[in-house]
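# Predicted model and sequence below, questions to follow.
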Amino acid sequence: MSKPTSSPPSFAALVQAYFAEYLTQQRALSAQTIAAYRDAFVLFLGFAESRLGKSPATILLGDITPALIMAFLDHLERERHNCVRSRNARLAALRSFLKFVAHRDVTSLQVIESALGVPVKRFERPMLGYLSREEMLAVIGTPDETWLSQRDHVLFLLLYNTGARVSEITGIKVRDVVLDAGAACVHLHGKGRKQRSVPLWRSTVKAVRAWLRRNPQFEAAFPLFPNRNGQVMTRANVALRLAQAVHSASSTFPDLTKRHISPHTIRHTTAMHLLQAGVDISVIALWLGHESPVTTHHYVEADLAMKERALAKLHEPDAKIQRYRAPDSLIDFLKTL
């Protein structure tokens, strides 16, 4: 007597397992990432309901066709006025789900493979904005005696030293900073709950020590950069303080007022200065916590000065190329062979 074959899981059950088990437990993604994926699914299921005339609970996996996905992406751009980057992020959520389903329901591999064929849309990336070393130092500034000024000074100095994201810098606890001589570093908690350690300059160590001396009440689990109420600084709070620092620095560098400078600009600045100092791009990727080296390569593309130095090593078409003449020591060496 043959054993009864179990029916494949429903689309609704797969979606529930994807969020409740896969994203939360197996991949342990951050709450922000899960929320972004959830929002993508809410939009997609709402669109599918209107297009197919089915409630989300009755949708079948076979209904998720390339035509439906393309129509959804077109809807995002045309009717919801999403930019290409947002459109691609929604598609990434759907693709992640489909890859998950491929391991749960092998009978639907043909449907999944077809749906995964929907391409990511290319778009022209804006040039990365970054500050010169002199501009960055002006933004960091020299603190006065006020609590806010000293906090902001250490905040911007640490942002520049580490190239951290805003969420990483505001998430630093006192216990995350190691100030021991020869091993000074800060432990950052990055995207996808990944952690990395970044070494600190002596000037950064000195500034952090002075900040902690001023605030002896800070316990190990206390945020290193609290607001005036002792709570973690928000992204908007950091952006506002940076805008004020840029305004002060504009008295020395007036062009700063014409540029959009955000906390992420400081991250770009760190990366570009490391690159210009000759640091290998793989090391920069580790420094910044990039999961893909492609992301780090954008800094190479943006560095016009590096391209100009490379161009200087090439001969112009009408330049007379001189024949290479080995030094005498090399000739002598070759003659001994």
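Arrived safely, thanks for sending.

# gap between residue 143 and residue 39?
From residue 143 across to residue 39, the span is 40 Å (Cβ to Cβ, to the nearest Å). Where you see a C-beta, it was placed from the backbone N, CA and C, and this is true even at glycine.

# Who has more neighbours out of these two?
Just comparing residue 143 and residue 39: by other Cβ atoms under 10 Å the higher neighbour count belongs to residue 143, 18 against 13.

# thought the more buried one was touching residue 149?
Yes - with contact defined as Cβ atoms under 8 Å, residue 143 reaches residue 149; the gap is 4.4 Å.

# And the contacts of the helix or strand where residue 35 lies?
Using DSSP states H and E, residue 35 maps to helix 31-52. Helix 31-52 is contacted from outside by 15, 19, 23-24, 29, 54-56, 59, 63-64, 68, 71-72, 75-76, 80, 89-90, 93-94, 96-97, 167, 191-192, using Cβ atoms under 8 Å, 6 or more residues apart in numbering.

# buried stuff in stretch 178-192?
184, 185, 186, 188, 189, 190 (16 or more other Cβ atoms under 10 Å).

# now these in JSON lines, with pLDDT and distance to residue 264?
Listed next are those as JSON lines, based on pLDDT from 0 to 100; distance: Cβ to Cβ, whole Å:
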{"residue": "184", "pLDDT": "92", "distance to residue 264": "25"}
{"residue": "185", "pLDDT": "93", "distance to residue 264": "22"}
{"residue": "186", "pLDDT": "94", "distance to residue 264": "18"}
{"residue": "188", "pLDDT": "93", "distance to residue 264": "15"}
{"residue": "189", "pLDDT": "89", "distance to residue 264": "17"}
{"residue": "190", "pLDDT": "78", "distance to residue 264": "14"}
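
# Can you flag which of those belong to strands?
Using DSSP state E, the members of the buried residues of stretch 178-192 that fall in strands are 185, 186, 188, 189.

# Just send these back as CSV, with distance to residue 252 too.
Shown next, in CSV, are those (distance: Cβ to Cβ, whole Å):
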residue, distance to residue 252
185, 31
186, 29
188, 30
189, 35
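
# what's the closest of the buried residues of stretch 178-192 to residue 197?
residue 185 (4.7 Å; Cβ to Cβ).

# any idea of the mean pLDDT in stretch 222-234?
What stretch 222-234 shows for mean pLDDT is 95.

# let me fix that: stretch 94-107
Across stretch 94-107, the average pLDDT comes to 91.

# Run the chain-centre distance for that stretch.
A distance of 26 Å separates the C-alpha centroid of stretch 94-107 from that of its chain, computed with Cα atoms, centre = their mean, to the nearest Å.

# The closest residue to residue 99 other than its chain neighbours: neighbouring residues, count only.
In this structure, residue 99 finds its nearest non-sequential neighbour in residue 116, 7.4 Å apart by Cβ to Cβ, 6 or more residues apart in numbering. Other residues near residue 116 come to 15 when the count uses other Cβ under 10 Å.

# could you point out which element follows the helix or strand hosting residue 159?
If you go by DSSP H and E, residue 159 is part of helix 147-162. Scanning forward in sequence from helix 147-162 by DSSP H and E, the next helix or strand is helix 166-170.
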